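Chemist: structure for the following, please:
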Amino acid sequence: MANLEDIGVSAAINILGAFAFLLAFALLRIQPINDRVYFAKWYIKGERSSPRGTSGNFVGKFVNLNFKTYLTFLNWMPQAMKMSEDEIINHAGLDSAVFLRIYILGLKIFGPITIVALLVLIPVNVSGGTLFFLSKELVVSNIDKLSISNIRPKSVKFFAHISVEYLFTFWICYMLYTEYGKVASMRLKFLASKRRRAEQFTVLVRNVPHNSGRSVSDSVENFFRKNHPDHYLCHQAVYNANKFAKLIRKRDRLQNWLDYNKLKFERNQSKKPTTKKGCLGLFGERVDSIDYYEQQVKELDKMLTMERQRILKDPKSIMSAAFVSFNSRWGAAVCAQTQQSKNPTLWLTHWAPEPRDVYWKNLAIPFVWLSIRKLVISLLVFALVFFYMIPIAFVQSLANLDGLEKVAPFLRPVIELKFIKSFLQGFLPGLALKIFLLILPNVLMIMSKIEGHVAFSVLERRTAAKYYYFMLVNVFLGSIVTGTAFEQLHAFLHQAPTQIPRTIGVSIPMKATFFITYIMVDGWAGIAGEILRLKPLVIFHLKNMFLVKTERDRVKAMNPGGVDLPETLPTLQLYFLLGIVYAVVTPILLPFILVFFAFAYFVYRHQVINVYNQQYESCAAFWPHVHGRIVASLLISQLLLLGLLSTKKAANSTPFLVALPILTLSFHKYCKNRFEPAFRKYPLEEAMEKDVEEKASEPDLNLKSYLADAYLHPIFHSFEVIEEVEIKVDKVRVDRNQTPIPNPSPSEPSTPSPPHYAYSHEDLPHAVQHYEVEPSTNAYHYEVEPHGNAYHYEVDHASNAYHFEFEQAGNLFRYDGESPNHYHY
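Modeler: You can find the predicted model right below:
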């Protein structure tokens, strides 16, 4: 079992590691070549320019030659604290500001608790002395003598622990209530002050019933004109474009290789780059790389054109879902928060995610499959949790080598070496567990996507929930149970069965040493590694070296991402759990928790201000989950303390704890009824006030023009792909002067796509693309002009006519098709 010396070794290693990371960050951030990595947020907002352009010296473009800045390289620390919370909300959004408040909540909770626990409970525990008599049976350390295990059975001193548990519970509940109310009011204020957004007027409708002889779009149109005649404005159909998205991603990869080879040739024109046409470029005929990838891109452009038209023509490509927009926030709120049909499984309405939050791929999943997918994923998550018990058990066995020696004496010569023993017990267990947990969030995110959620924000919250359950079972409960089994195996085999519960009860506090090392590895050195951003730094310079040709490419290469909520939130909740559980059991753990919250708040505040760029804004929708899991931590701590005291024969004091779980559950229910509706529903009162205010300030607002293409499906956009699955347009120009959208009228039918949109894409060096949609006449026009080769493709569904032209090197090839079975070439 790790003792104070081992903890000291671990603390020294992690403090040195954290200091090295911070020092490296302070030096790297002032180098001009790294400016886009450490100040990405300001570049994205257009409020910072590269210092490399202002330096006339060639070396100065890469290395900071102003030696005075090296003397003030730590000035980033006070700068991170200058921005107020309101300024952070305006700068980075409400999600980022509320995320930082979780760390503030941790400081508010554990600051007073640490002082009380150290001043009251530590002296009480030290004066117990019971572990002195058990040291011949059990493996104990001087740290355990500071815990509740050191109190003799039937001692009246347990009343001190019970009294402090009540005090801590009331304090935590008070802080949770205050913070929940504050965040709820911040959310409502943010929604009220927020400028007009498409999601305020739009509802996502799913499970639209199929009617024979009527399209999904017509069904949506008729239903909402009938049931919401005064507020329905328009709707946007949802297409199954997943195959199209795969082709887009493939084209993007080929374009990257083409850009890389062109850049390579520009730097060394004496030798043209070549590649092999076979698998992974390792086999087959060797050809010119530029010509090869240009041809591959051209072929994919043709495939994309045909796939796009197939989607537009095929009625089966339209899913039984739609984005329905209303002429007021009040109308959208009524629709989103009420049942639309006598059959509760049809015409399901929910608030639409904001457009950049939509996960388009899952909108193509038939509604009937969602329940099946969720059931299958639940079973897989259950299996994953227990699969991980095997490596967790091995890691925890390393945390107590003294106990392992009794079971496996042949390992004694190796682990008795002083440095190896201190390293294994003080550093390796936490590090090994961290490595195991690194790959887990990616696996859980894939599972959440399979479940069928249609918003990135929901995907991240569901992934965070799975990760939290995993850490609760494996990292917390698994560490206690597994560690106890290894540690007490010898004692279990040589004592009466009636004594086993007593042995387990005494051993639960002994795992505090493992969690102390884990907090130092993950919470100290790990957070310092977060501010260094070594992985994004390396990736940016690799992209800058091999792929970047234009300023636009450089902007894409520096994509900083946002707060990693699926991993960060569960980790935070684990620290809340550890602090609350061990506050009464082993108070010596609390200072380590307190240091983590203070250090992490400081680091993430800097990252939110200077680096992170959130993909979406959920208006702090994750807060109810944070609140609920802190309450769950309270319940777990109370039940564990109840079980622990039952092994101490504290029959006179234990019943006083029974009321605590009941009071905690009542508090949670009250908070759920009082505050959670603000995160689930939009008050009609607020919606009406906002509508009246907007009509007074903008009486001539053409809302239909504003909403018409807000949820336009990506198949109508030019060939750009974002991240993994969602298609978006970075440089699309919509010409509203040439194609004005008329005001809505009661007799005007809504269409699954806007009346007319013209998209031009001229950024790419290899092609000029133009695409137009005119659903009013069922006409589609698409043009591509790569390197002088012109492709013109038109579809007119009204006359079933298809026209395709291909012009190359002055030669014109034309193909016409008119149904039925009439062709011209």
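Chemist: show me how far stretch 87-103 is from its chain's centre.
Modeler: 15 Å (Cα atoms, centre = their mean, to the nearest Å).
Chemist: what of stretch 532-543?
Modeler: 20 Å.
Chemist: other residues contacting that stretch?
Modeler: 21-22, 24-25, 28, 33-34, 36-38, 557-558, 560-561, 611 (Cβ atoms under 8 Å, 6 or more residues apart in numbering). Heads up, the C-betas are built off the backbone N, CA and C, glycines and all.
Chemist: mind doing that once more with 7 Å?
Modeler: 21, 24-25, 34, 36-37, 557-558, 560 (Cβ atoms under 7 Å, 6 or more residues apart in numbering).
Chemist: farthest pair within those residues?
Modeler: Farthest pair in the contacts of stretch 532-543 (Cβ to Cβ) is Phe21 and Ala557. Separation: 23.4 Å.
Chemist: could you report the pLDDT at the closest residue to Ser96 other than its chain neighbours?
Modeler: Leaving out its chain neighbours, the residue that sits closest to Ser96 by Cβ to Cβ, 6 or more residues apart in numbering is Val608, at 4.6 Å. As summarised for this prediction, Val608 has a pLDDT of 94.
Chemist: residues contacting the helix or strand containing Val608, please?
Modeler: Take DSSP states H and E as the rule and Val608 turns out to sit in helix 590-610. Helix 590-610 has contacts (Cβ under 7 Å, 6+ apart) with 38-39, 41-42, 76, 80, 83, 88, 91-92, 96, 100, 103-104, 106-107, 110-111, 113-114, 117, 516, 519-520, 523-524, 527, 530-531, 575, 578-579, 583.
Chemist: what about the strands in the protein?
Modeler: In the chain, the segments counted as strands under DSSP state E are 202-206, 232-239, 274-276, 286-288, 318-326, 348-351, 733-734, 757-761, 769-774, 779-784, 790-796, 801-808, 811-818, 822-824.
Chemist: what angle sits between the first one and strand 232-239?
Modeler: Going back to what we said before, that points to strand 202-206. Interaxial angle, strand 202-206 versus strand 232-239 (axes from the mean of the first three to the mean of the last three Cα atoms, to 10 degrees): 50 degrees.
Chemist: paired strands for strand 202-206, with orientation please.
Modeler: Sheet partners assigned to strand 202-206 using DSSP bridges are listed as strand 318-326 (antiparallel), strand 348-351 (antiparallel).
Chemist: pull out the buried positions in the longest one.
Modeler: Pointing back at strand 318-326 there. 318-326 (16 or more other Cβ atoms under 10 Å).
Chemist: go on, the shortest one?
Modeler: By neighbour count, and taking 16+ other Cβ under 10 Å as the criterion, the buried residues in strand 348-351 are 348-349, 351.
Chemist: and if you look at stretch 647-667?
Modeler: In stretch 647-667, counting by 16+ other Cβ under 10 Å, buried: 647-648, 650, 653-654, 656-657, 660-661, 664, 667.
Chemist: and which of those is nearest Ser49?
Modeler: Out of those, the member with the shortest distance to Ser49 (by Cβ to Cβ) is Phe667, at 51.9 Å.
Chemist: my guess is that closest one meets Cys173, correct?
Modeler: Yes. With contact defined as Cβ atoms under 7 Å, Phe667 reaches Cys173; the gap is 5.0 Å.
Chemist: thought Lys243 was touching Glu307?
Modeler: Yes. Between Lys243 and Glu307 there is a contact at 6.3 Å, judged by Cβ under 7 Å.
Chemist: of those two, which one has the most company?
Modeler: Glu307 (18 against 14; other Cβ atoms under 10 Å).
Chemist: out of everything not next to it in sequence, what's closest to the more buried one?
Modeler: According to Cβ to Cβ, 6+ apart, the nearest residue to Glu307 is Phe244 (5.1 Å).
Chemist: try Ile104
Modeler: Nearest to Ile104 is Tyr601, by Cβ to Cβ, 6+ apart, at 6.5 Å.
Chemist: the one you found: neighbour count?
Modeler: 21.
Chemist: could you check how far it is from Leu348?
Modeler: According to Cβ to Cβ, to the nearest Å, Tyr601 stands 40 Å off from Leu348.
Chemist: try Gly452
Modeler: 13 Å.
Chemist: repeat that for Ala632.
Modeler: 29 Å.
Chemist: quick one, what contacts Asn34?
Modeler: Here Asn34 is in contact with 28, 537 (Cβ under 7 Å, 6+ apart).
Chemist: weakest of the strands of the chain in terms of mean pLDDT?
Modeler: strand 733-734 - the lowest mean pLDDT of the strands of the chain, at a mean of 32.
Chemist: low-confidence stretches in the stretch 301-450 of the chain?
Modeler: 389-411, 415, 419-435, 437 (pLDDT under 70).
Chemist: the same query, at a cut-off of 80, please.
Modeler: 364, 367, 385-439 (pLDDT under 80).
Chemist: got it, and the stretch 651-800 of the chain?
Modeler: In the stretch 651-800 of the chain, residues with pLDDT under 80: 651-655, 713-800.
Chemist: neighbouring contacts of stretch 350-366?
Modeler: 197-199, 202-204, 238, 240, 242, 245, 319, 321, 323, 336, 449, 452-457, 459, 615-617, 710-711, 714, 725-726.
Chemist: which of those are buried?
Modeler: Buried among the contacts of stretch 350-366 (16+ other Cβ under 10 Å): 198-199, 202-204, 238, 240, 245, 319, 321, 323, 336, 449, 452-457, 459, 615-617, 710-711, 714, 725-726.
Chemist: which ones among those residues map onto helices?
Modeler: 245, 336, 449, 456-457, 459 (DSSP state H).
Chemist: what residues of stretch 703-712 count as buried?
Modeler: Under 16+ other Cβ under 10 Å, the buried positions of stretch 703-712 are 703-704, 707-712.
Chemist: adding distance to Leu472, write the residues you listed out as TSV.
Modeler: Below are the buried residues of stretch 703-712 laid out as TSV (distance: Cβ to Cβ, whole Å):
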residue	distance to Leu472
Leu703	47
Lys704	49
Leu707	43
Ala708	47
Asp709	44
Ala710	40
Tyr711	38
Leu712	42
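Chemist: for burial, what's the neighbour tally of Met303?
Modeler: If we define neighbours as other Cβ under 10 Å, then Met303 has 15 of them.
Chemist: excluding sequence neighbours, find me the nearest residue to it.
Modeler: Leu247 (5.9 Å).
Chemist: repeat for Phe25
Modeler: For Phe25, the closest residue by Cβ to Cβ, 6+ apart turns out to be Leu532, at 4.7 Å.
Chemist: how close does the one you found sit to Gly562?
Modeler: On the measure of Cβ to Cβ, Leu532 and Gly562 end up 18 Å apart.
Chemist: same deal with Lys374?
Modeler: 26 Å.
Chemist: these two: which has the busier surroundings?
Modeler: More crowded of Lys374 and Gly562, by other Cβ under 10 Å: Gly562, with 19 against 15.
Chemist: tell me who's in contact with the more buried one.
Modeler: 612-615 are the contacts of Gly562 under Cβ under 7 Å, 6+ apart.
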